[in-house]
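Asker: Okay, here's the prediction I keep looking at, along with the sequence it came from:
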Amino acid sequence: MGMPKNLFLVRHGQSEGNAARRIFEETGSEEVYSDEFLGIHESQYKLTALGIEQAQKAGQWLADNRLRLFDRMLVSNIDRAMQTAAYLNLPDPSWMPDFNLRESDGGLFTTITPSKRDSVYLDQQKFYASQPFLFRPPQGESMADLCQRIKLVLDTLARECDNKNVIIVCHGHVIRAFRIILERMSLKKSNEMMRTQDELLKVPNCSIVHYTRQDPIGHNGLSNHLDWVRIIRPAGGGNLQDEFSFIQRKKYSNEELLKMVAENRVP
């Protein structure tokens, strides 16, 4: 048993929720967060017209690079992800919806306006700013919780998809969870990734994170692990296509563990 030869993680296209947040960030107006909008469960957000176009662009990139046939096709069971999967327009589709791939639950924070969140839950917002990996919103999930779900998905891939090509359409935080697990990130690095403003490390809508066991650099055959990763952004949001990078999964000496503990204290 082993991991897939290639694993493609595709984030969904722009959703109604993404569009509302962008309007708020650009204008500062909370009119977009009407009672009607806040009454929609985030799992029911649909793709916008831009989101559909982004999904089609991602599908076209896959087609242009002869990445059209997959041994397993998984998709989050949330509406915007299933729409994205369909609009990739892959041939002979055999999508398998998986509830473990759903986006992390924002809990109460998805039902109130940003101003109410920031005023009523100020202390929790401060905790999120310092420890985003461990923070759990009221009635929601932390990134640590989400990683437990994603480990189940990876366990299944290891049992059933050795040396196969797999595509998964899911969500931004879900892709971050995959990265934390597959790249064996430390708590500090996980927090840094979640707080980053670096465009090259973000997961724009319909970006593709590609892991592979096939050495793309030295062409030295097939590794036992998903040792190389790159990010492709067919719909914009950064470089179109990053170079592959080798994943360094560090192991620590006693002294390095103690140094890490000393550096983990947040002022």
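Answerer: Perfect, I can see it now. No experiment lies behind these values; they were computed from the predicted model shown.
Asker: For the stretch 101-250 of the chain, which residues score under the pLDDT cut-off?
Answerer: The model of the stretch 101-250 of the chain has pLDDT under 70 over residues 197-201.
Asker: Helices of that one, residue ranges please.
Answerer: In the stretch 101-250 of the chain, the helices defined using DSSP state H, counting those that start in this stretch lie at 114-120, 122-130, 143-160, 172-182, 187-195.
Asker: Next up, the contacts around the closest residue to G172 other than its chain neighbours.
Answerer: Spatial nearest neighbour of G172, chain neighbours left out: V203 (4.6 Å); criterion: CB to CB, 6 or more residues apart in numbering. Every residue, glycine included, has its C-beta placed from N, CA and C. Under the criterion of CB atoms under 8 Å, 6 or more residues apart in numbering, the neighbours of V203 are R11, G172, I175, R176, V209, I231.
Asker: at 7 Å instead, please
Answerer: R11, G172, I175, R176 (CB atoms under 7 Å, 6 or more residues apart in numbering).
Asker: likewise K126?
Answerer: Going by CB under 7 Å, 6+ apart, K126 touches no other residue.
Asker: got it, and the one 5 residues further on?
Answerer: Taking CB under 7 Å, 6+ apart, we find Q131 in contact with N191.
Asker: And Q131, how close does it get to Q44?
Answerer: For Q131, the distance to Q44 (CB to CB, to the nearest Å) stands at 30 Å.
Asker: sorry, back to before: let me know which of the helices of the stretch 101-250 of the chain is tucked in deepest.
Answerer: Of all these, helix 172-182 has the most neighbours on average by mean count of other CB atoms under 10 Å, namely a mean of 22.
Asker: Check which helices and strands that helix is in contact with.
Answerer: On a contact count with 3 or more CB pairs under 7 Å, 6 or more residues apart in numbering; DSSP states H and E, helix 172-182 meets strand 6-11, helix 143-160, helix 187-195.
Asker: Please repeat the previous calculation with a cut-off of 6 Å.
Answerer: Helix 172-182 sits against strand 6-11, helix 143-160, with contacts defined as 3 or more CB pairs under 6 Å, 6 or more residues apart in numbering; DSSP states H and E.
Asker: Near L9, how many other residues are there?
Answerer: Counted with other CB atoms under 10 Å, residues neighbouring L9 total 25.
Asker: Would you convert the helices of the stretch 101-250 of the chain into CSV that also reports distance to D79?
Answerer: Shown next, in CSV, are the helices of the stretch 101-250 of the chain (distance: least, CB to CB, whole Å):
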stretch, distance to D79
helix 114-120, 23
helix 122-130, 26
helix 143-160, 18
helix 172-182, 15
helix 187-195, 25
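Asker: nearest to L74, of these?
Answerer: Nearest to L74 among the helices of the stretch 101-250 of the chain is helix 143-160 (7.4 Å), distances taken as CB to CB.
Asker: starting at the chain centroid, how far to that closest one?
Answerer: Computed by CA atoms, centre = their mean, to the nearest Å, the chain-centroid distance of helix 143-160 equals 13 Å.
Asker: One more: stretch 129-147?
Answerer: Worked out by CA atoms, centre = their mean, stretch 129-147 lies 15 Å from the chain centre.
Asker: Just the CA trace of it, in PDB.
Answerer: What follows is stretch 129-147, C-alpha atoms only, in PDB (Å, rounded to 0.1, in the frame of the first residue of the first chain):
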ATOM      1  CA  ALA A 129      -4.500  36.200  15.600                       C
ATOM      2  CA  SER A 130      -1.900  34.400  17.700                       C
ATOM      3  CA  GLN A 131      -2.900  30.700  17.300                       C
ATOM      4  CA  PRO A 132      -5.000  30.200  14.200                       C
ATOM      5  CA  PHE A 133      -4.200  26.500  14.000                       C
ATOM      6  CA  LEU A 134      -5.700  25.800  17.500                       C
ATOM      7  CA  PHE A 135      -8.500  28.400  17.500                       C
ATOM      8  CA  ARG A 136     -12.000  27.100  17.400                       C
ATOM      9  CA  PRO A 137     -14.900  29.600  16.700                       C
ATOM     10  CA  PRO A 138     -18.000  29.200  18.800                       C
ATOM     11  CA  GLN A 139     -19.900  26.200  17.700                       C
ATOM     12  CA  GLY A 140     -17.300  25.600  14.900                       C
ATOM     13  CA  GLU A 141     -14.100  23.700  14.200                       C
ATOM     14  CA  SER A 142     -10.400  24.500  14.600                       C
ATOM     15  CA  MET A 143      -7.900  23.700  11.900                       C
ATOM     16  CA  ALA A 144      -6.700  20.900  14.300                       C
ATOM     17  CA  ASP A 145     -10.200  19.400  14.200                       C
ATOM     18  CA  LEU A 146     -10.200  19.700  10.400                       C
ATOM     19  CA  CYS A 147      -6.900  17.900  10.100                       C
END
